[in-house]
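Asks: Just need the structure, nothing else, for what follows:
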Amino acid sequence: MRTSSKTPKANAPAQQNNTLDIRAKVGGTILIVVVISTLLSIFWTPYPPLAMSTGPSLGHISLAHPLGTDVYGRDTLSRLMTGGVPVFESCFLSLVVAVPFGVTLGVVASWYQHRAIDAIISLFTDALYGFPALLLAITFVSVFGASTLVAGISVGVALIPSFVRVVKVRSQEVLGRGFITVSRTYGLSRRTITLRHVLPNLSASILSQTILGASLTVLATAALSYLGLGTPPPTPSWGVMIEEAQSYVAIDPTLMIVPALMVAATIFGLNVLADFYSALRKDG
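Replies: Have a look, this model is predicted:
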């Protein structure tokens, strides 16, 4: 009786890992499909994404147009494939800004904990936290104009505080371990200890936060494009497609549902992978 009562508890972690592995495979598959379709659009699409009258206005799903056409007769599938390009460009730009600055500031703050440098970094991150990503993006757009570059950089700046806090907490945990003390007794510099010991032990946390930041960027980029503050028309973008389709949702809801599903599927896949790498960090 005692053995049978403990068996479910003993098997619970294994069942959770199996569930997480399945979710990670599903999320990874979704991302692979989205990325491949986006990369493919650079070289080929069923129709030119900007070409009008490739089919009837608000045409229904057919063999010639698997996802129908919009009010201008443009092929929805072609625009959907191409619409992922500015989204991933914004993700790349935002992470180029957020990861190096966030990781550097987080590690520096952990080395100089409770000192003036730590206080200045904390003040900086708290100030950025006071500006929501969309509000910060609107400020950038009002100064520099609407573009994919401005949207990506503004979202990246908004993501810096989250990287700083995660890296700072994890760095403090690593710096408190015994092998760091041994490294210091051997006279290794802070830079050497950081590169050899601290950053390798933060790799899973940084990767998880990076993936999570990418999912937030997808959502923010779609929202900015919907508001007219991201990639300007006529360049296809998922947010622009949703904005253009809302006037015709009663006639053809597919025009809005399809790009919305692409945004949701991409965010879902990224969040699942972020959970997976976060679990790996805890297991490690």
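Asks: Check whether A133 really touches G156, as I assumed.
Replies: No. A133 is beyond contact range of G156, at 9.7 Å (criterion: Cβ atoms under 8 Å). Placement of C-beta: from N, CA and C, glycine included.
Asks: Quick check, central residue of the chain?
Replies: A214 (1.1 Å; Cα atoms, centre = their mean).
Asks: Contact partners for the residue nearest to it when sequence neighbours are not counted?
Replies: Spatial nearest neighbour of A214, excluding adjacent residues (Cβ to Cβ, 6 or more residues apart in numbering): C91 at 4.8 Å. For C91, the contact set (Cβ atoms under 8 Å, 6 or more residues apart in numbering) comprises G152, A214, T217, V218, T221.
Asks: go on, P66?
Replies: P46, L77.
Asks: Check whether it sits in a helix, strand or coil.
Replies: Here P66 is coil, with the state taken from DSSP: H, G, I helix; E, B strand; the rest coil.
Asks: Look up how far S215 lies from it.
Replies: 27 Å (Cβ to Cβ, to the nearest Å).
Asks: Then T194?
Replies: Counting by Cβ to Cβ, the separation of T194 from S215 is 28 Å.
Asks: swap in L224?
Replies: Between L224 and S215 the distance is 15 Å, computed by Cβ to Cβ.
Asks: Which one's more surrounded, the two?
Replies: Neighbours per residue (other Cβ atoms under 10 Å) separate L224 from S215, with L224 holding more: 28 against 19.
Asks: which non-adjacent residue is nearest the more buried one?
Replies: Leaving out its chain neighbours, the residue that sits closest to L224 by Cβ to Cβ, 6+ apart is G230, at 3.7 Å.
Asks: Likewise for A51?
Replies: Closest residue in space to A51, ignoring its immediate chain neighbours: R74 at 6.6 Å, by Cβ to Cβ, 6+ apart.
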